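S.K.: Compute the structure for the input listed below.
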Amino acid sequence: MRGLKREEVAMLAGVSTEYYARLERGNLRGVSDSVLESLARTLQLDEAERTHLLDLARASAPSEVPAARRLRAEVRPSVERILAGMTGTPAYIRNARMDIVAANSLCFTLYTDILSPATLPLNLARFMFLDPRSQGFFVEWATLADDLAAALRTESGRSPHDRVLSNLIGDLATGSTEFSTRWARHNVRFHRSARKTLRNPLVGDIELTGDALELPGEGLTLIAYTAEPGSHAQEQLDFLTSWSATGKRPIEPAPANPHTAMTRPPEGDSRN
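M.R.: Numbers count the residues shown, from 1 in each chain. So this is what the prediction gives:
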């Protein structure tokens, strides 16, 4: 709860001021779940923040050193078939470290010149913070960068002994001031659904909703993009679907605005 003094938070949580000061310093060893839940209620933590607090407490337990979660780099053939069958929906599969490990053909078309079978696996965080193309592709770059840094902070609390994740965070922190600034905020967030505007060379700016669907027991998440029915974005998505299926340009939708006019590749050009 913002605005409360340390003494007030301690009183509302039912602990001493000295004990709460210790918790503030990050010493969570031996803290009971009931105290953590009381703190979460007092501080009005959201679901992601509460989960992060519990993850940090578990990681500090001396008798419970969690092993690094094994993150899959491959996708089961049956899941690959589901992905390929989503012909009108751009979709990809990533692990918790933000590695895109599989995508369908429409997603490759949506992410033209960025994502392709040859570039897999592609780490979204490295692309976001270390590849200058990302600021042209993600129209609301700053907002998405906030979300991605917060999602990585959440995962680091869940998997504190994951060396690959730690190395990734280290590379981002040393290679990107934008990332290190966001990392220092200690924000945490679940990535479940978000509206995104992406800049595609074929249709210009396209606004889609991305939903995250976890695959239980796989350590993987499927991200699927959809458009509002009857919207201009749906027309653009239909265009990309036809292009993805045939490699030829169908009747063009009108660009969203004069600044996002489509490029006009010659008829019969093959896809990238």
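
S.K.: From now on I want contacts and neighbour counts done on CA atoms only, so please keep to that.
M.R.: Fine.

S.K.: Number of residues surrounding Glu37?
M.R.: Glu37 has 16 neighbouring residues, counting by other Cα atoms under 10 Å.

S.K.: so what pLDDT did it get?
M.R.: Glu37 is assigned 71 on the pLDDT scale.

S.K.: Please, which helix or strand holds it?
M.R.: helix 33-42 (DSSP states H and E).

S.K.: Give the helix, strand or coil label for Arg195.
M.R.: With DSSP: H, G, I helix; E, B strand; the rest coil as the basis, Arg195 sits in strand.

S.K.: so where does the spatially closest residue to it that is not a sequence neighbour fall, helix or strand?
M.R.: Distance criterion Cα to Cα, 6 or more residues apart in numbering; nearest residue to Arg195, sequence neighbours excluded, is Thr209 at 4.3 Å. Here Thr209, judged by DSSP H and E, is contained in strand 204-215.

S.K.: that older thread, for the residue nearest to Arg195, list the residues it contacts.
M.R.: Counting by Cα atoms under 8 Å, 6 or more residues apart in numbering, Thr209 touches Ser193, Ala194, Arg195, Lys196, Tyr225, Thr226, Ala227.

S.K.: With Asp146 instead?
M.R.: Arg182.

S.K.: what's the distance between it and Ser134?
M.R.: Going from Asp146 to Ser134 by Cα to Cα, to the nearest Å gives 14 Å.

S.K.: before we move on, what about Arg97?
M.R.: Distance of Arg97 to Ser134, computed by Cα to Cα: 18 Å.

S.K.: How about Gly170?
M.R.: Relative to Ser134, Gly170 is positioned 20 Å away (Cα to Cα).

S.K.: count of residues packed around the nearest residue in space to Ala84 that is not next to it in sequence?
M.R.: For Ala84, ignoring the flanking residues on the chain, the nearest one in space by Cα to Cα, 6+ apart is Asn104 at 5.3 Å. Asn104 has 24 neighbouring residues, counting by other Cα under 10 Å.

S.K.: Break down this protein into its helices, ranges please.
M.R.: Ranges of helices within the chain are 6-13, 17-24, 33-42, 47-60, 77-85, 105-110, 124-130, 134-137, 141-158, 163-175, 177-183, 232-246, based on DSSP state H.

S.K.: helices and strands around the third one, which ones?
M.R.: Read it as helix 33-42. helix 6-13, helix 47-60 (3 or more Cα pairs under 8 Å, 6 or more residues apart in numbering; DSSP states H and E).

S.K.: Verify the contact between Phe108 and Ser116 for me.
M.R.: Yes - contact criterion Cα atoms under 8 Å: Phe108 and Ser116 qualify, at 5.5 Å.

S.K.: Under the pLDDT cut-off, which ranges of the stretch 51-200 of the chain? List them.
M.R.: 51-73, 190-191 (pLDDT under 70).

S.K.: do that again at 50, thanks
M.R.: 64-66, 68 (pLDDT under 50).

S.K.: Contacts only, for the closest residue to Leu144 other than its chain neighbours.
M.R.: Leaving aside its chain neighbours, Leu144 sits nearest to Phe138 (7.7 Å; criterion: Cα to Cα, 6+ apart). Counting by Cα under 8 Å, 6+ apart, Phe138 makes contact with Leu144, Lys196, Thr197, Leu198, Arg199.

S.K.: Please apply the same query to Pro117.
M.R.: Counting by Cα under 8 Å, 6+ apart, Pro117 makes contact with nothing.

S.K.: let's have the chain start at 13 instead
M.R.: Fine by me, first position is 13 from now on; the one you just mentioned is Pro129.

S.K.: gap between it and Leu156?
M.R.: 24 Å.

S.K.: Which strand residues bridge Thr238?
M.R.: Beta-bridge partners for Thr238, by DSSP bridges, are Thr221.

S.K.: State the number of residues packed around it.
M.R.: Thr238: 18 neighbours (other Cα under 10 Å).

S.K.: Now do the contacts for it.
M.R.: Going by Cα under 8 Å, 6+ apart, the list of residues near Thr238 reads Thr101, Pro102, Leu220, Thr221, Gly222, Gln246.
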